[in-house]
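Engineer: Any chance you could fold what I've pasted below:
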Amino acid sequence: MGSKARDTAHFARAIGYWYDAKGHKANAAEVVPVTVETRRSIPRNRRFRLHYAYATSAHAWLPQYVKEREDVLASNLYFIGGGNMAEAIITAVRKHDDRYPVDHIYVEDISEARLSYLEKTYQVTPATPRDTPDNVDIAVIAVRPQDDVTGVATSIVNRFDQRTTSVVSIVAGYTIAQLERTLGGERRITRIIPNTLTTVDYGYSGVSSNQAAADAPDSVRKGLDAWLSTFGKPLHVEERLIDVITGFYPPNLVYHFIDAYVDAGVLAGLPRDISKAIALDTVIGGTELLKQRDVLPQVLLNINNSPGGVGITEAYTLNKTGFAAAIQSAVLAAVERTTKLGKEAQ
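Structural biologist: Below is the predicted model:
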């Protein structure tokens, strides 16, 4: 049985019934899998939820079945900007549609090729700055700091009702005060700077909101938190800490370390594939041991660094070459750059 047939059988068992291309219930003998072509004819109202699953053969998130929903209303998301970070969030939302159900994901971007890719891969609805779709729950500002953020904010004011649409900015360094100058203080505004680890359910993100968002109805605040939890681990902090977290958390630092670690193994004589396997296993295992013991790294270093041994020799060499200072300098520079980007933003 092919993977598509297995998926079909699995989903049919999971929900007990399907909907055909016209949205009518079908029994097991009349199952009609939802395809990209038929999904547009399925009833698009808040009594139904379209579920997605990743199709390896197509390298895309495709609609698998429509299930009648009895508990929670699905939301509509609107992304202005369809770059890598927006894509990471969309991937996580599709992956966790049981946690935060979504009816529509609209994306506007200056690149038609990019929109075509996102539509094919994630089944988003391409949009333009002239579109005003109904019932948008969250509008996401996902452009770069050097883009026209003020123009994007003005576009939101002109198109989306502040009573129904919350605004979330993932623009590095761009403050809530800067956003309020255009959006107004009555608009619900939240800042969060996630990272690409969201696609694998890791990565802490600093979150801060203005007073209007804090005073929003309980259902709105819970809905926003549910959405934020689909892509990483949100930390509600004072806004001044968001730039610090943004400069501190990117996995690039880890990638640089692993890259140097693998090269070190190759330099010492290991084949690259063996060096990479050992390096990754050591990083993952060492991290897991730190979490299990719930201690600072220095505790385990003291255990491993026996007198005159290999561990203490490594520690001496790292200290002599400025290893710790290099990491700390890189983080401080990243934090400073994050803040500077916000000040330079339009």
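
Engineer: CA only for contacts and neighbour counts going forward, please
Structural biologist: OK.

Engineer: Please report how far residue 340 lies from residue 251.
Structural biologist: According to Cα to Cα, to the nearest Å, residue 340 and residue 251 sit 21 Å apart.

Engineer: quick one: which of the two has more around it?
Structural biologist: Set residue 340 next to residue 251 and count neighbours by other Cα atoms under 10 Å: residue 340 wins out with 16 against 13.

Engineer: looking at this, that one is in a helix?
Structural biologist: Yes: secondary structure of residue 340 (DSSP: H, G, I helix; E, B strand; the rest coil): part of a helix.

Engineer: tell me which residues of stretch 268-286 are tucked away?
Structural biologist: 275, 276, 279 (16 or more other Cα atoms under 10 Å).

Engineer: Just those residues: which are in helices?
Structural biologist: If you go by DSSP state H, the buried residues of stretch 268-286 have 275, 276, 279 in helices.

Engineer: And these, which is closest to residue 185?
Structural biologist: residue 279 (49.3 Å; Cα to Cα).

Engineer: Residue 261 is in contact with that closest one, correct?
Structural biologist: Yes: taking contacts as Cα atoms under 8 Å, residue 279 lies within contact range of residue 261: 6.5 Å.

Engineer: Go through the buried residues of stretch 268-286 and say which is closest to residue 334.
Structural biologist: Using Cα to Cα, these come closest to residue 334 at residue 279, 25.3 Å.

Engineer: measure the closest one to residue 314 for me?
Structural biologist: In this structure, residue 279 and residue 314 are 16 Å apart, going by Cα to Cα.

Engineer: Next: residue 336.
Structural biologist: Following Cα to Cα, the distance that separates residue 336 from residue 314 is 31 Å.

Engineer: of these two, who's got more company?
Structural biologist: Per other Cα under 10 Å, whichever of residue 336 and residue 314 has more neighbours is residue 336, with 15 against 12.

Engineer: where does the more buried one land on pLDDT?
Structural biologist: Residue 336 carries a pLDDT value of 90.

Engineer: Please, which helix or strand holds it?
Structural biologist: Using DSSP states H and E, residue 336 sits in helix 323-344.

Engineer: C-alpha coordinates for that helix, CSV please?
Structural biologist: Output of helix 323-344 as CSV, limited to C-alpha atoms (Å, rounded to 0.1, in the frame of the first residue of the first chain):
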residue,chain,number,x,y,z
PHE,A,323,36.8,30.9,23.6
ALA,A,324,34.3,32.3,26.2
ALA,A,325,35.1,35.9,25.4
ALA,A,326,34.5,35.3,21.6
ILE,A,327,31.0,33.8,22.4
GLN,A,328,30.1,36.6,24.7
SER,A,329,31.3,39.3,22.3
ALA,A,330,29.3,37.7,19.5
VAL,A,331,26.1,37.8,21.6
LEU,A,332,26.6,41.4,22.7
ALA,A,333,27.3,42.4,19.1
ALA,A,334,24.1,40.7,18.0
VAL,A,335,22.0,42.4,20.7
GLU,A,336,23.5,45.8,19.7
ARG,A,337,22.7,45.1,16.0
THR,A,338,19.1,44.2,16.8
THR,A,339,18.5,47.4,18.6
LYS,A,340,20.2,49.4,15.9
LEU,A,341,18.1,47.8,13.2
GLY,A,342,15.0,49.1,15.0
LYS,A,343,16.3,52.6,15.3
GLU,A,344,17.2,52.6,11.6
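
Engineer: Cool, thanks, talk later.
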